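>>> just need the structure, nothing else, for what follows:
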Amino acid sequence: MPVQRLDLSNSKVNPFRRLSASQVIAWKNCPRLWYYGWRERLKTPLPPQIIRGNAAEECICRVLRDSPLYIGPEDDQDMTSPIDETGSPDLDQAEGWIGPSLELRPNDMWPHSRIELEEWAIARANYHFPGCWERAVDDWESIPNRIGNSSDISPEEGLNMVISGIRMHLDELQRCIDGGENRIMKLWRKGKFREHWPSPDGFPRLWTKINPAASEGDISWIESWEYARPWFVDPDATPFSQTTSHPDGWFQGEYDLVYRWSGKSSIIDLKASVGKGDRSAGYVEQLRLYAWLWWETHERLDEVEDLEIWYLGVEKVKKVPTPSKEDMIQLNIELLEIYNLIHARDPDISDCPTLPLPLNIFHDGGIPANPSIDNTPKSRCRVCGLRAICESSDYETELPSMNRIERFGHAWPVTSLGEIKTRFSVTGEVLHLQGPEISDKNDIQLSFTLQHGYDRAKVRNHRNGGFTSISRSISEGSKIRIDNALSSLWKGQLVIDLDEKSEISILNDSFDAPIVDVETRISVVGRVWSIDAFPDAKEIRRWSITLVDDSGSSGGVAFKQFIPNSAAAITRGDEIAILNGESGEFAGRPQIKIGPGTRVVILRDSEDIAPF
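Numbers count the residues shown, from 1 in each chain. Here you go, the predicted model:
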């Protein structure tokens, strides 16, 4: 089963805080790299090469989903899959599938040799590729945090990679043909075998009719196309809708191709590259992790037979040794230790030291060079996209460090980004109590007014829920203490928001935390690390950025009419000030909300400052 979903209702794991192969690779390369990338969410700009990879992979999958039984080489036809409300193919729905409605082509029009099948598949690639390329360009251009131009990447190079992938798939079919009929194929030929997660082919999960390509004796080329079709993420599915999760929920991944024709599983990772450079070491680790994940999600009874990286840029296959049971047991221990350190709790930067591995050196096809390691001191730091903010790097740039700024005839005290306080303790008397009640999500719902002297604040559940820690003695008129609460403003009134980190207890001592001491307004100065969202007059109605200074980082966000006029002029690397913003927190990171009375000012242009 290439897809295994986590039952979120019965899981204690935060679905947004799971390990993945990319995180593990980053952690092993340098723990601080993980911290900046996933804890502080400092993402480097995406280059246009991502277009080539996305277009090539989608096109290969669309060709593999097509069938020469029903679709001619030049036909304007696609095996489009119906999609359910989760974004996955609606496999259990009988209606809406293209395959059952298609008319079978005459036998003499089927490809009967490798050459004919390759010609058909390349023709299908030529049909699909323009749309795949256009969608990949649109997706990339919709990302504000990008660098370069789509014109920097050649569509012809991408199409050639698709053709390489098709030829490598045909090599796999040759192995299927050479292996002859096995037990599973014998059942398949009788219409008695179909995987629970079938390879995408335009038909629903329940389909017992004998495939028209099924024969007896030697396996034909068209039969191998139908029978040995690998599982892959359906190209019509929404992103990340077909991932597989560890049974305990703390790790997830998504396979590219899974071949199952032999009765055992082979996992293939498609790479739209030539295989040179340090990344090739991570690809090997990624496949080892996928072999372990497959084993874990199959009750530790089914081991992957083969692991391969297909380098589409040079049409070369790199075989990766499959880990033994002992290796996977040890890997499970290591991964769980990493998860418990960085996801089961909130890690401190000191938990993620700067321990960079040296860069790996590879030739085309992911072949290790000799020597295979760049032992130049700090070789990884020299090319790291986060070198501008890492204290271990020798790279020098300018990061703001201000405690005061004068603008608009006013002196604004400036808070360092690393000193932004997002959680508070308050004390007071409970008024107008509603609840507490246990919700269907097993958190506690309540609301009341907290009064301290003449000051009042509205107390409520945070929109994400999760609040559970409360004294059973709370009642109307109770003197209480609230710890680790978030704050916000609503129509000028202070609001105390309760989430999974917040706690309410009865006040039994002299501790005093007045409501008036909760600071909701701050001013900051930082350099724009990334533009994370920009309004597009369609789905996106916010402007969000990531700022850095010499003390840390923070997000900034504005919605609808509060998006500043200067937003369109702000680019990565600019030094800006957000004056009189509302301090808060989003997904564990400090965030300044731009609202009524907030001003955003460009202080210095990126062209006048050393780049990141």
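>>> which intervals of the chain have sub-threshold pLDDT?
Within the chain, the stretches with pLDDT under 70 are 1, 8-10.
>>> biggest strand in the chain, by residue count?
strand 423-438 (DSSP state E).
>>> what does that strand contact?
The contact list for strand 423-438, computed with C-beta atoms under 8 Å, 6 or more residues apart in numbering, reads 444-452, 456-457, 470, 474-487, 496, 501, 507, 511-515, 517-518, 585. Heads up, the C-betas are built off the backbone N, CA and C, glycines and all.
>>> now, those residues that are in strands?
Those of the contacts of strand 423-438 lying in strands (DSSP E): 444-452, 456-457, 470, 479-487, 496, 585.
>>> which SSE is residue 545 in?
Using DSSP states H and E, residue 545 sits in strand 542-548.
>>> who's in contact with the residue nearest the centre of the chain?
In the chain, the residue lying closest to the centroid (C-alpha atoms, centre = their mean) is residue 240, at 7.4 Å. When contacts are counted by C-beta under 8 Å, 6+ apart, residue 240 touches residue 254.
>>> any idea how far it is from residue 27?
As for residue 240, its distance to residue 27 is 20 Å (criterion: C-beta to C-beta, to the nearest Å).
>>> also residue 557?
The spacing between residue 557 and residue 27, counted by C-beta to C-beta, is 28 Å.
>>> list the buried ones in the biggest helix by length in the chain?
Longest helix in the chain, counting residues (DSSP state H): helix 114-141. Neighbour-count burial for helix 114-141 flags 114, 117-118, 120-129, 132-133, 136-137, 140 (criterion: 16 or more other C-beta atoms under 10 Å).
>>> same check, this time on stretch 439-457
Neighbour counts over stretch 439-457 (16+ other C-beta under 10 Å) mark 443-446, 448-450, 452, 456-457 as buried.
>>> got it, and stretch 187-205?
Quick answer for stretch 187-205 (16+ other C-beta under 10 Å): 188-189, 194, 197-205.
>>> okay if I get these as TSV plus distance to residue 260 and secondary structure?
What follows is those, written out as TSV (distance: C-beta to C-beta, whole Å; DSSP: H, G, I helix; E, B strand; the rest coil):
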residue	distance to residue 260	secondary structure
188	11	helix
189	16	helix
194	11	coil
197	10	coil
198	10	coil
199	8	coil
200	13	coil
201	13	coil
202	18	coil
203	16	coil
204	19	coil
205	15	coil
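>>> which element is the nearest residue to residue 219 once chain neighbours are set aside on?
Nearest residue to residue 219 in three dimensions, chain neighbours excluded: residue 177, at 4.7 Å (C-beta to C-beta, 6 or more residues apart in numbering). Using DSSP H and E, residue 177 maps to helix 155-179.
>>> so residue 93 makes contact with residue 204?
Yes - counting by C-beta atoms under 8 Å, residue 93 touches residue 204, with 6.6 Å between them.
>>> can you give me how far the longest strand of the chain is from the chain middle?
36 Å (C-alpha atoms, centre = their mean, to the nearest Å).
>>> report the inter-axis angle for it versus strand 444-452.
130 degrees (axes from the mean of the first three to the mean of the last three C-alpha atoms, to 10 degrees).
>>> next, count neighbours for residue 472.
7 (other C-beta atoms under 10 Å).
>>> sorry, slip of the keys, the one I care about is residue 333.
If we define neighbours as other C-beta under 10 Å, then residue 333 has 9 of them.
>>> looking at this, it is in a strand?
No - using DSSP: H, G, I helix; E, B strand; the rest coil, the secondary structure at residue 333 is helix, not a strand.
>>> that one and residue 553: what is the separation?
According to C-beta to C-beta, residue 333 stands 32 Å off from residue 553.
>>> same thing with residue 377?
Relative to residue 553, residue 377 is positioned 27 Å away (C-beta to C-beta).
>>> and if you look at residue 150?
Computed as C-beta to C-beta, the residue 150 to residue 553 distance reads 29 Å.
>>> hang on, the earlier thing: report the secondary structure element holding the residue nearest to the centre of the chain.
Assigned by DSSP H and E, residue 240 falls outside every helix and strand.
>>> can you report phi and psi for it?
Per-residue torsions, residue 240: phi 60, psi 20 (degrees, to the nearest 10).
>>> ok, and the closest non-adjacent residue to residue 144?
residue 531 (3.8 Å).
>>> for residue 593, same thing?
Among residues not flanking residue 593 along the chain, residue 582 sits closest, at 4.2 Å (C-beta to C-beta, 6+ apart).
>>> what's the answer for residue 153, then?
According to C-beta to C-beta, 6+ apart, the nearest residue to residue 153 is residue 48 (4.7 Å).
>>> same question for residue 285.
Among residues not flanking residue 285 along the chain, residue 25 sits closest, at 5.4 Å (C-beta to C-beta, 6+ apart).
>>> list phi and psi for the one you found.
phi -60, psi -40.
>>> now swap in the one 5 residues further on and tell me
When read as degrees, to the nearest 10, the backbone of residue 30 gives phi -170, psi 120.
>>> can you count the residues close to the closest residue to residue 478 other than its chain neighbours?
Closest residue to residue 478 apart from its sequence neighbours, by C-beta to C-beta, 6+ apart: residue 430 at 4.6 Å. The local packing of residue 430 (other C-beta under 10 Å) involves 19 other residues.
>>> specify the beta-bridge partners of residue 430.
When bridges are called by DSSP bridges, residue 430 pairs up with residue 450.
>>> quick revisit: quick one, which of residue 377 and residue 553 is more surrounded?
Each of residue 377 and residue 553 has its neighbours counted (other C-beta under 10 Å); residue 553 has more, 22 against 9.
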